[in-house]
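In: Got a predicted structure plus its sequence, pasted below:
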Amino acid sequence: MSIKHSLSLGLLSLSCFSFLMTPSIRVSHAAPPTKASASAQRAASKPIKRLINAIRYNKDALALKSFDGEAQGELLFGALWTQQPAAERARFVKTLHDFFSVVAFPKLRADFEHLETILYGEPQPGQEGELKLRATIVVLHALKKDEVPVDFLLKRQPKGELLISDFWIAPRDASAPSFLTRLKQDQVGPLLKKEGWSGLLSAMERRVAELKKR
C-alpha cells in the first residue's frame, strides 16, 4: 500500500518526501563498480547511508547532518540567498530541517522498518565538486517488494566531505524536476513573492510550532 504524507505551510508542501512509498517501481541494477570506482562510491554513499540509518533508528539530529543546508538555500533562492545575513540563512535552514524532522522523518521511519538493502550505482561528476549518485532503496512489504531508484545530488565540502543538497526519484523523463526545483516553483517562490523573505520565514516558523504541538 502506498503511503502519502504532506506538510502544509500555506502552499508549502513536502509531499515529494514520499519517494520511498512509490509503489512497485522495478529497476534494472547496474553491474558492480570497478575496483577503481569502489572508493568513490563508498565516499559518495556515506551521507545517504547515514541519513537513512539515522532516520530508521530515531536519530533525527544525526540525519540532518547529511544535508547541506547552505547549498539547499542557494538552490531555492539564488542570488537572494547570498544577500541574507548569516543569521537569517541559518534561521531558514533550521526551519526547513525542522519540517523534515517533524513531518517527513516519522513517515519515512515506518517504511524503513521494512528496509532490505540499498544498492548504489557509480557516482557521476557534476559541476563545482558536485556528484550525482543513484541509490536503489529496496523495501520489503508483506506481499511485495518495492525498489525505488533515487538520484541524490551531493556537494563536496571544504574539508572534502560530501553532503546531500537535492534528490529526486530517478525519472522516466530526464527533464523531471528535483525535490528543491518543485519546492521552489510550486511553493516557496509564490509564497516568497507574496510575503517577502521575513513573511516566508515567519509563516514557516509558525507552522513548525503548530506541528510540534500535535
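Out: Nice, I can see it.
In: can you pull the buried residues of the helix or strand that contains residue 37?
Out: Residue 37 belongs to helix 35-56 when assigned by DSSP states H and E. In terms of neighbour count (16 or more other Cβ atoms under 10 Å), helix 35-56 has its buried residues at 40-41, 43-45, 47-48, 50-56. In this view, the C-beta of every residue, glycine as well, is placed from N, C-alpha and C.
In: Can you spell out which helices and strands pack onto that helix?
Out: Applying 3 or more Cβ pairs under 8 Å, 6 or more residues apart in numbering; DSSP states H and E, one finds that helix 35-56 contacts helix 60-64, helix 105-112, strand 115-120, strand 130-140, strand 145-156, strand 162-169.
In: can you give me the mean pLDDT across the fifth one?
Out: By that I understand strand 145-156. For strand 145-156, mean pLDDT is 92.
In: Also the fourth one?
Out: Average pLDDT, strand 130-140: 93.
In: strands paired with that strand, and their directions?
Out: strand 115-120 (antiparallel), strand 124-125 (antiparallel), strand 145-156 (antiparallel) (DSSP bridges).
In: What lies in contact with the first one?
Out: With contact meaning Cβ atoms under 8 Å, 6 or more residues apart in numbering, strand 115-120 is reached by 29, 33, 41, 44-45, 48-49, 52, 56, 133-140, 145.
In: Show me the contact partners of stretch 150-165.
Out: 19, 43-44, 46-48, 51, 66-68, 71-72, 75, 123, 126, 129-137, 166-170, 178, 180.
In: For the residue nearest to residue 51 when sequence neighbours are not counted, which residues are in contact?
Out: Excluding its sequence neighbours, the residue lying closest to residue 51 (Cβ to Cβ, 6 or more residues apart in numbering) is residue 66, at 4.0 Å. Going by Cβ under 8 Å, 6+ apart, residue 66 touches 47, 48, 50, 51, 54, 163, 164.
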